[in-house]
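Trainee: I'd like to go over a predicted model; first the sequence, then the structure.
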Amino acid sequence: MTDVAVVGGGPAGLSAALFTQKNGLETVVFDTDETWLHSAHLFNYLGIESIDGEAFLDTAREQVDDFGVERHQNEEVTTVEQTDSGFRVSSDESGVEASYVVLATGADRDLAADLGCETTDEGTVDVGVDMETSVADAYATGAIVRAEEWQAVISAGDGAAAALNILSKEKGEHFHDFDTPDDAK
């Protein structure tokens with residue numbers, strides 16, 4: 001059993017995976033590689049002057065790989081089900097049981113609906129600022145929770161918020177991912 005299963009490999013999913021794996025939670029990502037970033041160029045991503053979406057994805061994937069995230073590339077999740085101990089995430093090729101699930105499926109809300117996540121009047125998955133859905137320990141991030149604000153840096157922030165909430169639950173106190181170099185003043 002893994003700690004966190006992330007469904008989606010765009011900015012939201014990879015951000016969530018980076019934070020959880022980096023901070024000691026075993027994380028698996030299922031990525032169909034259908035992110036909108038393939039046709040994007042980022043001029044508005046804080047800290048990056050300009051980068052092609054493909055190059056951004058390559059860098060993000062390399063970063064999560066370097067932290068040891070297990071990525072199932074080009075593997076579509078077909079079901080997410082609750083179990084007694086968390087969730088079962090399945091594709092045609094494999095499956096994993098996880099304590100937490102993060103749905104980062106772009107505007108595709110089908111898995112969230114199948115899982116029983118409540119929606120808003122606009123049809124988006126209903127979450128709070130912590131990105132947790134009405135299903136305990138199931139999180140939704142990015143375009144799945146937003147009617148219109150579909151933007152890479154917002155999605156990455158949503159993924160980070162979900163990850164920090166998961167980490168806070170696991171550690172039993174508010175958790176902050178803040179790296180300080182040894183020579184900081």
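Mentor: Nice, I can see it. Residues are numbered from 1 along each chain as shown.
Trainee: I'd guess Gln63 is in a helix, am I close?
Mentor: Yes. Under DSSP: H, G, I helix; E, B strand; the rest coil, Gln63 falls within a helix.
Trainee: now it, nearest residue through space, not along the chain?
Mentor: Leu18 (6.2 Å; C-beta to C-beta, 6 or more residues apart in numbering). Glycine gets a C-beta too; all of them are placed from N, C-alpha and C.
Trainee: The longest helix seen in the chain - what's its average pLDDT?
Mentor: As assigned by DSSP state H, the longest helix anywhere in the chain is helix 152-171. Mean pLDDT, helix 152-171: 90.
Trainee: just the CA coordinates of it, formatted as PDB?
Mentor: Extracted in PDB, the C-alpha atoms of helix 152-171 (Å, rounded to 0.1, in the frame of the first residue of the first chain):
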ATOM      1  CA  ALA A 152      -0.900  26.300 -14.700                       C
ATOM      2  CA  VAL A 153       0.400  28.300 -11.700                       C
ATOM      3  CA  ILE A 154      -3.100  28.100 -10.000                       C
ATOM      4  CA  SER A 155      -3.200  24.400 -10.600                       C
ATOM      5  CA  ALA A 156       0.200  23.900  -9.200                       C
ATOM      6  CA  GLY A 157      -0.800  25.900  -6.100                       C
ATOM      7  CA  ASP A 158      -3.900  23.700  -5.700                       C
ATOM      8  CA  GLY A 159      -1.700  20.600  -5.800                       C
ATOM      9  CA  ALA A 160       0.600  22.100  -3.200                       C
ATOM     10  CA  ALA A 161      -2.400  22.900  -1.000                       C
ATOM     11  CA  ALA A 162      -3.700  19.400  -1.200                       C
ATOM     12  CA  ALA A 163      -0.300  17.900  -0.400                       C
ATOM     13  CA  LEU A 164       0.300  20.200   2.600                       C
ATOM     14  CA  ASN A 165      -3.100  19.200   4.000                       C
ATOM     15  CA  ILE A 166      -2.300  15.600   3.600                       C
ATOM     16  CA  LEU A 167       1.000  16.100   5.300                       C
ATOM     17  CA  SER A 168      -0.600  18.000   8.100                       C
ATOM     18  CA  LYS A 169      -3.000  15.100   8.700                       C
ATOM     19  CA  GLU A 170      -0.200  12.600   8.700                       C
ATOM     20  CA  LYS A 171       2.000  14.700  11.100                       C
END
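Trainee: Please identify the buried residues of it?
Mentor: Judged by neighbour count using 16 or more other C-beta atoms under 10 Å, the buried positions of helix 152-171 are 152, 154-167, 169-170.
Trainee: Report the contact partners of the residue nearest to Gln63.
Mentor: Shown in contact with Leu18 (C-beta atoms under 8 Å, 6 or more residues apart in numbering): Ala60, Gln63, Val64, Phe67, Val69, Ala163.
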